[in-house]
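Colleague: Structure here, sequence nowhere to be found:
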């Protein structure tokens, strides 16, 4: 079937059939964040554990289509062990890949839109080359199916929210 | 365009040519221009009419002719164009009223934006002026969000209680405790046909019991009015809501039918031009029915298109349309069962007597979103998701289903293409 192979790459189907890091983490110390796709009713729960500025562990649960589930799986594998800053950069790069519009704007709206923007939110620090995404680049074909973009970005937006919350609570407890 | 075409379009009568009256459903497809389109190299197999139906050429022509020859605002001008627009708009009201057996269509058929707005109108006027703390609105587990959220909003505002009629194992309303459920109920708001399960509810029976308990009854007819002969007297409802776009008409127009004495006593809904008789610095006097509930310039061209859609449906006959859909539903049930067996589940009543042509599917563990994506590649249009009925989906224990819904322009070949495409999805997600 023409076109579909762009969407359903082998890597995606593999992560859908055998998801990595599926499950839960005790929260606290992990952060538990829920994300919803109102379009299809899919939901994802991301558990993210941050220690000393590093994502030391991550799990995801919930129900969803092959795109949302494989994206969550690929994401979990990609960010585990990365620093929070690296993870934020990866989220931005991934979301840029998921939107021609956003890619053209660079990180502008995100940087100005984030009240907790960290020091490296500047455009120079953002990596927008999809090649740098490794396996995640398999999700690039989703852009050709605009309705499905929200499926692919669901877990990423949820993770971003979790990192923001983790940062806020750190700031609060330090204050 | 030839000169005679132009002349024709200048003619003052814009009523579309009567649509073909031959009840040969094999020709019906040809009346719908969009169905000759291809996507991804395949002809369109449109199986999403429960969401929104397509329009026949005569509806498009009627609206086009209206704009080409007639448009003016209604109820305002004395010039010829305005009078013609008036006549067409009010003519559509009568045609729509006739379709549902309204005893007094001139006064009882209110044009709204859609069924959703119709239900909101009742919630914001009748219910808000009649219901208070301790009063109960009885709903069912198979309602569309349009018939849930307005009541949740009112419950927050007024402290009324919501109660729910459940469903049984065959996806029908469970009425065993109806009498107890009706205690303190002031309004029953119930669908006539589920947009997820296809279940045709025993509405008349519910209405009778409700009236016996002193409650009013609102019918959400969005799914049944386009497919099944409707008579408000037989249904026994006090209000009936439905949308034009699910019955071959344009988007942007729907209907609230209500019993005249109820409508007369209700406060107005939206305020503005058209709905008043007099406006002073210190107050206003509302207009008479039906205009009391039609503030602002109404959807005039849409009403003209709606009228043409009703004529088209009547030319085929709602009885014939229902018979065609029953036959096609039975065919789909048989084909899907034969080809996929237990791998494919249909959420809805077995048989065809108590259901319409709405087939909510679960196929193996293929997510409905993925299934719909693969079907799209074969030109098959189905809806995947919660169908604006999340409480029902929770009851069914699923986040989503893929829903194929049938209408008068569908035929057995459409069902065959659907089955082939489902098999493709099975291969891809093996």
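Modeller: That came through fine. Remember, it's a predicted structure, so these values are computed and weren't measured experimentally.

Colleague: Secondary structure element for the most centrally placed residue in chain A, which one?
Modeller: Taking C-alpha atoms, centre = their mean as the criterion, residue A:156 is the residue nearest the geometric centre of chain A, at 2.1 Å. For residue A:156, the element it lies in under DSSP states H and E is helix A:149-174.

Colleague: what residues are up against the residue nearest to residue B:362 when sequence neighbours are not counted?
Modeller: Ranked by C-beta to C-beta, 6 or more residues apart in numbering or on different chains and with sequence neighbours excluded, the top spatial neighbour of residue B:362 is residue B:345, at 4.5 Å. Where C-beta positions appear, they are placed from N, C-alpha and C, glycine not excepted. Residue B:345 makes contacts with B:361-363, as judged by C-beta atoms under 8 Å, 6 or more residues apart in numbering or on different chains.

Colleague: Quick check on residue B:345: phi, psi?
Modeller: phi -120, psi 140 (degrees, to the nearest 10).

Colleague: Repeat that for the one 3 residues further on.
Modeller: In terms of degrees, to the nearest 10, the main-chain angles of residue B:348 are phi 170, psi 170.

Colleague: could you check the distance from it over to chain A?
Modeller: Relative to chain A, residue B:348 is positioned 18 Å away (C-beta to the nearest C-beta, to the nearest Å).

Colleague: can you check residue B:239 too?
Modeller: 29 Å.

Colleague: how about the residues of chain B that lie near chain A?
Modeller: Within chain B, the positions near chain A by C-beta under 8 Å from any C-beta of the partner chain are B:40-41, B:367-370, B:373-374, B:377-378, B:384-386, B:390, B:393, B:399-400, B:424, B:428-429.

Colleague: Derive a ChimeraX selection command for the buried subset of those residues.
Modeller: Filtering these down to the buried ones (16 or more other C-beta atoms under 10 Å in any protein chain shown) takes a single ChimeraX command:
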select /B:367,368,369,370,373,374,377,378,384,385,386,393,399,400,424,428,429
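
Colleague: Wait, the residue nearest to the centre of chain A touches residue A:75, no?
Modeller: Yes. Applying C-beta atoms under 8 Å as the test, residue A:156 and residue A:75 come out as touching, 6.0 Å apart.

Colleague: any shared contact partners between these two?
Modeller: Counting by C-beta under 8 Å, 6+ apart, the residues touching both residue A:156 and residue A:75 are residue A:94.

Colleague: any idea how far residue B:235 is from residue B:219?
Modeller: 6 Å (C-beta to C-beta, to the nearest Å).

Colleague: For whichever helix in chain B runs longest, buried residues please.
Modeller: As assigned by DSSP state H, the longest helix anywhere in chain B is helix B:318-340. Neighbour counts over helix B:318-340 (16+ other C-beta under 10 Å) mark B:318, B:321-322, B:324-329, B:331-333, B:336, B:340 as buried.

Colleague: now do stretch B:29-45
Modeller: Using 16+ other C-beta under 10 Å as the test for burial, stretch B:29-45 gives B:29, B:31-32, B:35, B:43-45.

Colleague: quick one: average pLDDT of stretch B:300-314?
Modeller: Stretch B:300-314 carries an average pLDDT of 98.
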